[in-house]
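>>> Requesting a structural model of the entry that follows:
(3 chains)
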Amino acid sequence: MNEATFTANNLWILIAAVLVFIMHLGFASLESGFVRKKNTVNILFKNSMIISIGLLTYYLLGFNLMYPGDAASNGFIGFSGFGLSMPEGAAGAIEYADGAYTYWTDFIFQAMFAATGATIVSGAVAERMKLSSFLVFTLVFVSLCYPITGFWKWGGGWLDARGFYDFAGSTLVHSVGGWAALACIMVLGARKGKYTSKGIQAIPGHSMPLATVGVFMLWFGWFGFNGGSVLSADPVAVSLVFVTTCLAAAAGAIGAFFTSYIMFKSHDLSMVLNGILGGLVGITAGADQMSPVDAILIGAIAGIIIPMSVVFFDRKLKLDDPVGATSVHLVCGIWGTLAVGIFGAMASIGQFIEQLIGVVAIGAFTFVFAYLLITILKVTMGIRVPEEDEVKGLDVSEHDMEAYSEIDTDYAFAVK
Amino acid sequence: MNEATFTANNLWILIAAVLVFIMHLGFASLESGFVRKKNTVNILFKNSMIISIGLLTYYLLGFNLMYPGDAASNGFIGFSGFGLSMPEGAAGAIEYADGAYTYWTDFIFQAMFAATGATIVSGAVAERMKLSSFLVFTLVFVSLCYPITGFWKWGGGWLDARGFYDFAGSTLVHSVGGWAALACIMVLGARKGKYTSKGIQAIPGHSMPLATVGVFMLWFGWFGFNGGSVLSADPVAVSLVFVTTCLAAAAGAIGAFFTSYIMFKSHDLSMVLNGILGGLVGITAGADQMSPVDAILIGAIAGIIIPMSVVFFDRKLKLDDPVGATSVHLVCGIWGTLAVGIFGAMASIGQFIEQLIGVVAIGAFTFVFAYLLITILKVTMGIRVPEEDEVKGLDVSEHDMEAYSEIDTDYAFAVK
Amino acid sequence: MNEATFTANNLWILIAAVLVFIMHLGFASLESGFVRKKNTVNILFKNSMIISIGLLTYYLLGFNLMYPGDAASNGFIGFSGFGLSMPEGAAGAIEYADGAYTYWTDFIFQAMFAATGATIVSGAVAERMKLSSFLVFTLVFVSLCYPITGFWKWGGGWLDARGFYDFAGSTLVHSVGGWAALACIMVLGARKGKYTSKGIQAIPGHSMPLATVGVFMLWFGWFGFNGGSVLSADPVAVSLVFVTTCLAAAAGAIGAFFTSYIMFKSHDLSMVLNGILGGLVGITAGADQMSPVDAILIGAIAGIIIPMSVVFFDRKLKLDDPVGATSVHLVCGIWGTLAVGIFGAMASIGQFIEQLIGVVAIGAFTFVFAYLLITILKVTMGIRVPEEDEVKGLDVSEHDMEAYSEIDTDYAFAVK
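Purely as a prediction, here's the structure:
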């Protein structure tokens, strides 16, 4: 490959990393919009810490656990040492990855993905989980759990060898976050006042503009998430991925629009927003394998799934998930992964079975890991804030501040 | 062209598409900031749907109506079939468009523009239009009206043959949206309480931070809107467009700053914000033809126009436009299109006349189309919410939710 | 250099300019979130004007004052004439800057940096400074002060000749803004009610979501600020800069997290946000010279500095800085500049002394310039709003509007 093509490829992966970075603002906005005012600072604080913890732990061990190289791994696990060390000399950096991008580019792009799993959990456990326990959960989950299952496919492990396909992470990122969220809300329990003898209480979020900004930011970032996963600036491949990604998102909105109207007889903004996200999660596993028509079908089905799944988790399973993270990331993540065996260039019964094996294997490992971890934290540190703190809100109890202070200090001191 | 240059060109158009995408968040933020709290969810819902409807209809028929190719069109209209089908083989995709970008890239960049027209209407009809009728209007307008006049110039139709020039859409995108907005607010009427026997009531928007975020997002996206319209990564052309675009926006702010201070004796944030947008709309038709000095003059005049136009529509014509969309997109869109005949490399009386012909032809077609469409909707579905719903706000009446819920469910059930 | 590499290099600097542009939204959001509700429009107005004034004055004289070329300068000052004029012919544009990017690209990237200094001042003087005086201060400061010290290093002046190093502007941008902020708040005095006989009053900001959005936008933009300062798309250099920038930001968050917890026994969101910014400012002087470990240490120390510096300015010096701009930009700017002599590829006692000379020389010039300017404005125009306006808030007194209007005009006219 010549120098100029190398430069363009490398540039695209770097820009894709920037786009994935801003998804962390997307999650912070979405999740804080969907919770009550009194728990807003807590969400913002958690999301500021998650990206920071994620980058540092991925630097320290995650990257070398997920991509240990053949020498330092078997099919199930590997590790090539703490920290980063660029292959020697400039040539080492440039010839890395078949000349598509440098060692540093590879690290920063992958690092931006790593923290996403924990961000998904953040929304599901909102409004009741202890901050300190959540940060420890994030630290362990992002350092160990995410890179191990990531290695199974993207690092060249046993699922990759079998033929499991997950282009940009419907399973490796989204359902992994979703399984962890599911384990956590099962152990943590519902918010006070959510499920009572008088019925199920809807708890509306405090800011729809914030939630909408979040979803648009996530869609914006998804161009890098999926487009960057081509791992080069290959013109046909990246542009096809842009088209399938966008059409699936749009179809997800339309699917959720009609389904939620039929179910609730109203035009529910949060369902349309989650429909967009469901479409995006759904297309992620096969964004490079689908035609536009396939993408529309996958997205529309994801959009239809969203309101049904939200109602199922909330009313049937009575699992309290304030932002719908399990429906968006777990259910649509599974759907998108299986869809690779149903639609597009790879569709076949054999592939469908491989997809199912991947979903089950990664799901089982992640769920058990997260369930054990959150249970250990429950027994040791405790995972739930005291009831009076939940009533006051976590902003005051954990952070000693309000999201929207109305204090006017001039008057505090002034004699009127 | 060699592979590496092709890759860089294609990459830039894709990144430009991402930047144009985020303009939809810009519009959603701007418009929701400029309406009252009680109609916020409605705006956010409409804007989430518009981009989704726009992408899907442009996929289904808009793209092939706007760019049918010579074989399937005369100078006024053409159509090359439903859906997308990439020219056969990878070479087809790569050799498409003189090797500057792929077929998919062309589609996704153009598709991002398509929904913008309806977004402009969304702000103008805010706070009183029925959601269902608005969505039908969007569907028809984006599918049919926008691509037909788009074809006249960008698709190689009769205005292109005559010599009309519109680099990135002062007319084809912005004034088209502005004409449709004008037709709609004429048929729809003013908001309740706006024009009464007691005088004209100013109705301030509920969130200036949201509006400001929107304007900065729009400016940010405009680098892709204008810069991507070079249709390659040509270094001199794209960088000149960046310079003219930015200087016009800055001059628009300064023009509106002084004019609104002279008119109102106050420093009106909404005028400065709309001045920036006016400058951007104004430079769009000739961003590649202007020197920096030309760009500053065009932008400054657009900024001076804004407060005068807003007052003219509001107080003289008594046309109620909550966000100033007609002043920004229609008036400054016309100004910018005519300015191509006055300033810069193409300035001449002959060119000015061609610009005028384009403005009038596209304006007449669009206005009549939109006027008929909204009138048909008025007679059939109805276009206005009942008066009591307008008082309650569309968030509750159309969506059964509030933008900023203050419900604290803990207390809803708790015995105090 | 071949055409394709030139295209890719030029494209990256343009995209970097777009990223730096959005930092102005970051500052607007951060600063408005950290002030009281009643002064929000004022911040948004100032930040909309600063970028506009900055672009126009940099076009008019700043660019040619900062980069006059050898012929038109000595080591301390130079000027090559008003306005922009591209070197003749397309070849002139292309061969400019050793073929890395065009003349227009150079201007727009540098212009985006120029307004940043004044933006930093904006936050520090919030809630009490007269708008008109602030705008005049911005005009003079951005036109003259910033480009002169910028010339000393980046324009090839005496500090550059000595060996002072400042990769992307820890000193040339951030500490310059910080010194000006310090001079202004010393002359301006504290907000009413801040320091009284009854003690020091904490004045919490009115919107933590807005502040958090601002910090994430700034981090997002910093990829362009530091990454673009490579001045080409060189794959190894740009990707290393991305890695060091991100790790320093993350370490800044962690450093501020622990330090503020030890100091205040609470999890203070504003400290973690400022810790991220401190880490970013700190790495900026040497982002291309550091290993990942160096970057983490520099960022962590910056994060540790933040809460201590904020307390020192607030409680010891009694200098009222509503957003912590002096701690983030001045103190961490100095720290980052000195760190180039302590860590990384350039570390040596000689280099440390050069760094110190640069910090002192630029600091002295900027502080004296800003102090004289603000004092002249104090004597002539006045720099402080009347006390009753400060109590009412600047939104009403300077702009005649509210940030969050709750007026419902239907009711204003309706007879109930």
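
>>> Flag the shaky bits of chain A, pLDDT-wise.
Applying pLDDT under 70 to chain A flags the ranges A:1, A:88-99, A:409-416.

>>> Need phi/psi at A:Ser73.
phi -150, psi 160 (degrees, to the nearest 10).

>>> One more: A:Leu11?
phi -60, psi -40.

>>> what do you get for A:Ile200?
phi -100, psi 130.

>>> Can you tell me the element the closest residue to chain B within the stretch 301-416 of chain A falls in?
In the stretch 301-416 of chain A, the residue that lies nearest chain B is A:Val391 (4.9 Å; CB to the nearest CB). C-betas here are computed from N, CA, C, even on glycine. Per DSSP states H and E: A:Val391 is located in helix A:387-392.

>>> mind checking how far that helix is from the chain centre?
Between the centre of helix A:387-392 and the centre of its chain there are 28 Å (CA atoms, centre = their mean, to the nearest Å).

>>> Same question for stretch A:134-144.
14 Å.

>>> Quick check: buried residues in the helix holding A:Val391?
A:390-391 (16 or more other CB atoms under 10 Å in any protein chain shown).

>>> Can you spell out which helices and strands pack onto that helix?
Here helix A:387-392 touches helix A:394-399, helix B:409-413, going by 3 or more CB pairs under 8 Å, 6 or more residues apart in numbering or on different chains; DSSP states H and E.

>>> Check whether the longest one comes near chain C.
Yes: against chain C, helix A:394-399 shows contacts by CB under 8 Å from any CB of the partner chain at A:398-399.

>>> Just the buried residues of that helix, please?
Going by neighbour count (16+ other CB under 10 Å), the buried part of helix A:394-399 is A:394-395, A:397-399.

>>> Near chain B, which residues of the stretch 251-400 of chain A? Just list them.
A:251, A:253-254, A:257, A:264, A:266-270, A:272-273, A:276, A:292-293, A:296, A:390-391.

>>> so what's A:Leu55 up against?
Residues in contact with A:Leu55 (CB atoms under 8 Å, 6 or more residues apart in numbering or on different chains) are A:111, A:114-115, C:246-247, C:249-250.

>>> at 7 Å what do you get?
A:111, A:115, C:246-247, C:250 (CB atoms under 7 Å, 6 or more residues apart in numbering or on different chains).

>>> Could you work out the most separated pair of those?
A:Ala115 and C:Leu247 (13.2 Å; CB to CB).

>>> quick one, which of the two is more surrounded?
C:Leu247 (32 against 29; other CB atoms under 10 Å in any protein chain shown).

>>> which element is the more buried one on?
Here C:Leu247 is assigned to helix C:235-264, by DSSP H and E.

>>> go on, A:Val121?
A:Val121 belongs to helix A:116-124, assigned by DSSP H and E.

>>> How about that helix and chain C, any contact?
No: Helix A:116-124 stays clear of chain C (CB under 7 Å from any CB of the partner chain), getting no nearer than 12.5 Å.

>>> Most proximal residue of the stretch 101-250 of chain A with respect to chain C?
A:Trp104 (3.6 Å).

>>> Let me see the contact set for the residue nearest to that residue when sequence neighbours are not counted.
Closest residue to A:Trp104 apart from its sequence neighbours, by CB to CB, 6 or more residues apart in numbering or on different chains: C:Ser239 at 3.6 Å. Residues counted as contacts of C:Ser239 (CB under 7 Å, 6+ apart) are A:10, A:14, A:102, A:104-105, A:108.

>>> Tell me which of the residues you listed fall in helices.
If you go by DSSP state H, those have A:10, A:14, A:104-105, A:108 in helices.

>>> Can you go through those residues and name the buried ones?
A:10, A:14, A:104-105, A:108.

>>> With respect to A:Leu25, which of these is nearest?
Checking these one by one against A:Leu25 (CB to CB), the nearest turns out to be A:Ile108, at 17.0 Å.

>>> Chain A: strands as residue ranges?
A:195-196, A:199-200 (DSSP state E).

>>> can you tell which of those is closest to B:Gly336?
Closest to B:Gly336 of the strands of chain A is strand A:199-200 (CB to CB; 54.4 Å).

>>> what's that closest one in contact with?
A:314-315.

>>> in its sheet, what does that strand sit against?
Using DSSP bridges, strand A:199-200 pairs in its sheet with strand A:195-196 (antiparallel).

>>> Just give me how far the strand it pairs with sits from the chain centre.
Centre to centre, stretch against its chain (CA atoms, centre = their mean), the figure for strand A:195-196 is 29 Å.

>>> Same question for stretch A:271-289.
12 Å.

>>> cool, stretch A:36-44 as well?
19 Å.

>>> How about stretch A:118-130?
That offset, for stretch A:118-130, works out to 12 Å (CA atoms, centre = their mean).

>>> same thing with stretch A:37-47?
18 Å.

>>> could I have that stretch exported to PDB, CA atoms only?
Taking Å, rounded to 0.1, in the frame of the first residue of the first chain, the C-alpha atoms of stretch A:37-47 are listed here in PDB:
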ATOM      1  CA  LYS A  37     -34.000  15.800  38.200                       C
ATOM      2  CA  LYS A  38     -32.800  14.700  41.600                       C
ATOM      3  CA  ASN A  39     -30.500  12.000  40.100                       C
ATOM      4  CA  THR A  40     -29.000  14.000  37.200                       C
ATOM      5  CA  VAL A  41     -25.600  14.900  38.600                       C
ATOM      6  CA  ASN A  42     -25.100  11.300  39.600                       C
ATOM      7  CA  ILE A  43     -25.600  10.200  35.900                       C
ATOM      8  CA  LEU A  44     -23.300  12.900  34.600                       C
ATOM      9  CA  PHE A  45     -20.700  12.100  37.200                       C
ATOM     10  CA  LYS A  46     -20.800   8.400  36.400                       C
ATOM     11  CA  ASN A  47     -20.500   8.900  32.700                       C
END
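
>>> Wondering if that stretch reaches chain C at all.
Yes: contact of stretch A:37-47 with chain C (CB under 7 Å from any CB) involves A:40-41, A:44-45.

>>> So what touches the helix holding A:Val121?
Applying CB under 7 Å, 6+ apart, the set of residues contacting helix A:116-124 is A:23-24, A:27, A:31, A:43, A:46-47, A:50, A:54, A:138, A:141-142, A:146, A:173, A:176-178, A:180-181, A:184-185, A:321-323, A:325-326, A:329.

>>> show me what contacts the closest residue to A:Ala361 other than its chain neighbours?
Nearest in space to A:Ala361, with sequence neighbours left out and distances taken as CB to CB, 6+ apart, is A:Leu159 at 6.7 Å. Counting by CB under 7 Å, 6+ apart, A:Leu159 touches A:152-153, A:358, A:361.
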